[in-house]
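>>> pasting the sequence and the predicted coordinates here, then a few questions.
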Amino acid sequence: MKIKNIFTYCFISSLFLFSLICIWKILVTLQGIELTNFNFNKLFIFGIILCAINLLIGKKLNLNIKIILLALLFSIFDYFISTNLPIWYSFGIFLISLFFFNNIKDYDKNFLSKNHSSQILFFNFLTLFGITLFSFVILFPFYMMLVTSFKTQALLLLNPLDFSINFAQGLPELFKSYFIVFKDYNFGRYMLTSTIVSLGTVIITLIFAIPAAYAVARLNFFGKNFLSTSILIIYLFPAIVLVIPLYTIFSQLGLRNSIEGLLIVYTATTLPVAIYMLQGYFKSIPKELEEAGIIDGQNWLGIIFKIILPLSLPAISSVALYVFMIAWNEFLFSLMFLDRPNTFTLSRAIQFLNVGAETPRQYLMAGSVVVTLPILIIFVYFEKYLVSGLTAGSVKG
Amino acid sequence: MSSKLAKIEKRTAYLLILPSVLLVFSIILFPIFSNIWISFKNVELKDLRIPEPRAKKLVKSINDNPNQIKVIYKLRNSSLTQEITNVKFKDKYPDDIKPISLNNKCQFKSNLLKCELGNWPKKYRENLEIVFQNINNQEISKKEIKSYKPKLSGKSQNILLTYEFTLNNFKKVIKDKAFIDLLSTTFYYTFFGTIGAIVFGILAAQMVNQKFFGRTFMRSVLLFPYVAPVVALAYTWELLLDPTSGTLNNLLINYQIIDGPINLLGQKYVTLNILGFDFKLRLALTTVIIFEIWRYFPLAFLFILARLQAVPKELYEAADVDGANPIQKFLNITLPQILAVISILFMIRFIWNFNKFEDIFLLTGGASGTRTLPINVYQQGFSIGDIGMGSAVSIVIVVFLLIFMFIYFKLLGKRADEN
């Protein structure tokens, strides 16, 4: 029992340490440093030895001294088996092993002789490993997007693994792709169009949705139940089944290649979810407040503006942010409806760049950063509102 | 009195919902129904342009006589496929100018030239030449004559509004040998994409449900792929996976994990040897599914995390007292608690993945075995240009969708009953 636990502990711990080192090595490789071997065998076995030592020392030594000592040992070992690597690489290894030994410092013989300790260990490491791996897998494409936009075509072809950023060249050189994307490829204009379309969609959707949601939440009328169930059903219909009829109708009405046409379609497609989200919130507002308003002689409009709106600002902000996100990211309709560059939105413009003749990839990635960054900033800043919007509206995606 | 109030309330309610209902009806419901209409018609992309009668006006001076001028109208039917009937022509002239002679189709009254040009077959072309003279024998200004633009009108049949129907589109859809392949690709993509997103959603939710440093930051990061625009993400992945200059292939080759580059988005099959058995994996489709999972697991994560945080802590404490191990805790406490959310999530994601267009379109364009039903709608309608066929495929999607929705609402109803 105990032997099995010790074995699992050493094996899993060392595997975890090795995976952390692998991720670090990949990042180092992408700085243009030649590193062609993970040294799996040596590092893995040495990891097992160090984990066993950690267990043997237990709490006999000051824990801080123990982890620093073990981390140092590991880094020095790594330094000797790899050659010609810069000092910051070894420093990174040291920090990672410090983090790792800090996580396993509490394990000693007593812990390993407990029930289920190997399973608890396994899940602890799975969590740690999961967090590291998930962050890496998710952030890696974003990281690549950003660093590619700072490179030049010639450098990318010379060494496709060198993504180091040369800060010495000065800011204008560094942001060259962005200057070109805005100057030669007109991204300023597309950004303006995207902003106008997204904000327009938010405003029009709210103007339509607030009264409708209020009616569905509060007023009695024939067909109310039918209406509230059909909202959800309509919402589940995807854009792809609307695209052909809308294309034919819009071509004949001359609404293609116009911002108005795009606004109409975006508003209509986001309206059901906006009504659905808002009516749920309106229902939660106590009725007594409105009754007080009626006694004060307010009409329906007064009730909506003076009582409902101020109380439901959080819900309205969630809806607004969610609708903004949908409109900003929308691609299919902008692909179908816009084929003249003067009406392009950012998404459509990037697709046009990619299809167009041999656009250098750093421009493509600079464009991608330009379209991604605003939405990520908004998301991080207003996370609370957007997350509740996402949860409520996430029947769609 | 109260019935009067109820009446006012009703009227107000209709007034408040009417704008939304009208908009949603005209932009969502009406198109869905017009799909049915279009799918029974033989319409192509080029038929959508309404045929127009057009005229180009050329003004030429006549030798030795500045008081006369020749005007040539180059007339044509803009449509290559349809006829225009009852074409009428109108053009204005300065006050002191009159035509010398006119053919029987045209009339000149109070400085207006009017012609009845009859029916124009498709691709029709004709030149109309008229000589004009100044009645005061003064020199004619060519510029002034050119400044007036002729106006033409005519009637043409709008192919979308005729009552000619055909079953050919549906016959073609069903008889197409690739149809079964199309369906299986769609279901393969939908099923594995959905399952994968849910599995990773559960894993991520389990992780973030524990306390650790940087947990709130981690939660934001996990949602990045879902929040960021598809276009940017798809192209970044395309660059990452590129066989010659892509980072992934170069990394794998650099670490000697693979011998040569793998075209992850352009290769239809790859043969894997597992335990001595060869089996074919649909490579490009699998890559697209991985992208799909990467992009949509955050949503499953969000749902499941919300549910996990509502699970009473006492349940786990009781399990600890009973000496349950982590696997038992997950299987006997966590899983039953999140099962309802998972089933709803499965249905919603299934419906949405079934209709997913952008992701595949941007990554592969439907090539190398990644053609699903939504991609086929686009290809039929806009690449091939057969609008009727595209609509017919849309109808197939709608039929499947209605079946899924029926199941979904049954499930929702059942869940509501349980609560």
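It's in. This structure is a prediction, so every number in the text was calculated from the model and none was measured.
>>> how close does the nearest residue to residue B:93 once chain neighbours are set aside sit to residue B:27?
Spatial nearest neighbour of residue B:93, chain neighbours left out: residue B:111 (5.0 Å); criterion: C-beta to C-beta, 6 or more residues apart in numbering or on different chains. Backbone N, C-alpha and C define where each C-beta goes, glycine included. Applying C-beta to C-beta, to the nearest Å, the value for residue B:111 to residue B:27 is 46 Å.
>>> out of the two, which sits in the more crowded spot?
residue B:27 (20 against 14; other C-beta atoms under 10 Å in any protein chain shown).
>>> the spatially closest residue to the more buried one that is not a sequence neighbour: what's it in contact with?
Spatial nearest neighbour of residue B:27, excluding adjacent residues (C-beta to C-beta, 6+ apart): residue A:268 at 3.4 Å. By C-beta atoms under 8 Å, 6 or more residues apart in numbering or on different chains, residue A:268 lies in contact with B:23-24, B:26-28.
>>> by neighbour count, which of those residues wins?
residue B:24 (23 neighbours).
>>> can you give me the pLDDT of that one?
Per-residue confidence (pLDDT) for residue B:24: 90.
>>> quick one: it and residue A:237 touch, right?
No - in this structure, residue B:24 is not within contact of residue A:237 by C-beta atoms under 8 Å, at 10.5 Å.
>>> where along the stretch 101-250 of chain B do the helices fall?
For the stretch 101-250 of chain B, helices defined by DSSP state H, counting those that start in this stretch occupy the ranges B:142-147, B:168-175, B:178-208, B:215-227, B:230-241, B:247-254.
>>> helix or strand for residue B:323, just tell me which one.
Residue B:323 is part of no helix or strand when elements are defined by DSSP states H and E.
>>> please apply the same query to the one 5 residues further on.
In the assignment (DSSP H and E), residue B:328 maps to helix B:326-329.
>>> and that helix, which residues are buried?
For helix B:326-329, burial by neighbour count (16 or more other C-beta atoms under 10 Å in any protein chain shown) applies to B:326, B:329.
>>> and the next helix or strand after it, what does it pack against?
Later in the chain than helix B:326-329, the nearest helix or strand by DSSP H and E is helix B:335-354. Applying 3 or more C-beta pairs under 8 Å, 6 or more residues apart in numbering or on different chains; DSSP states H and E, we find helix B:335-354 packed against helix B:178-208, helix B:283-309, helix B:387-418.
>>> mind giving me the domain ranges of chain A?
A:2-158, A:180-393 (automatic domain parsing).
>>> could you identify which of those domains is most buried?
Looking across the domains of chain A with neighbours counted as mean count of other C-beta atoms under 10 Å in any protein chain shown, the highest average goes to domain A:180-393: a mean of 19.
>>> pull the contacting residues for the residue most central in space within chain B.
Nearest to the geometric centre of chain B sits residue B:378, at 6.8 Å (C-alpha atoms, centre = their mean). By C-beta under 8 Å, 6+ apart, the contact set of residue B:378 is A:240, A:243, B:357, B:361, B:366, B:390.
>>> any chance of those residues in TSV, with secondary structure, distance to residue A:72 and pLDDT too?
Putting the contacts of residue B:378 into TSV (DSSP: H, G, I helix; E, B strand; the rest coil; distance: C-beta to C-beta, whole Å; pLDDT from 0 to 100) gives the following:
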residue	secondary structure	distance to residue A:72	pLDDT
A:240	helix	59	90
A:243	helix	62	91
B:357	coil	54	93
B:361	helix	53	94
B:366	coil	55	87
B:390	helix	66	91
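>>> out of these, which is nearest to residue B:105?
residue B:390 (42.0 Å; C-beta to C-beta).
>>> what about that closest one, distance to residue B:79?
Residue B:390 is 21 Å from residue B:79, by C-beta to C-beta.
>>> distance of residue A:101 relative to residue A:113?
Counting by C-beta to C-beta - residue A:101 and residue A:113 are separated by 21 Å.
>>> leaving out the residues flanking it, which one is nearest to residue B:193?
Residue B:193 sits nearest to residue B:292 (C-beta to C-beta, 6+ apart), 4.1 Å away.
>>> that neighbour: neighbour count?
23.
>>> in JSON lines: the domains of chain A, plus distance to residue B:302.
Listed next are the domains of chain A as JSON lines, based on distance: least, C-beta to C-beta, whole Å:
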{"stretch": "domain A:2-158", "distance to residue B:302": "14"}
{"stretch": "domain A:180-393", "distance to residue B:302": "6"}
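>>> any idea which of those domains scores lowest on pLDDT?
Among these, domain A:2-158 carries the lowest mean pLDDT (a mean of 83).
>>> just the helices and strands packed on helix B:335-354: most buried one?
By mean count of other C-beta under 10 Å, those have helix B:283-309 as the most buried, with a mean of 22.
>>> give me the helices and strands touching it, please.
Checked by 3+ C-beta pairs under 8 Å, 6+ apart, helix B:283-309 has helix A:383-393, helix B:178-208, helix B:215-227, helix B:230-241, helix B:335-354, helix B:358-363 packed alongside it.
>>> after it, which helix or strand is next?
In N-to-C order, the element after helix B:283-309 by DSSP H and E is helix B:313-321.
>>> so what's the model's average confidence on that next one?
85.
>>> please point out which parts of that helix sit buried.
For helix B:313-321, by 16+ other C-beta under 10 Å, it's residue B:319.
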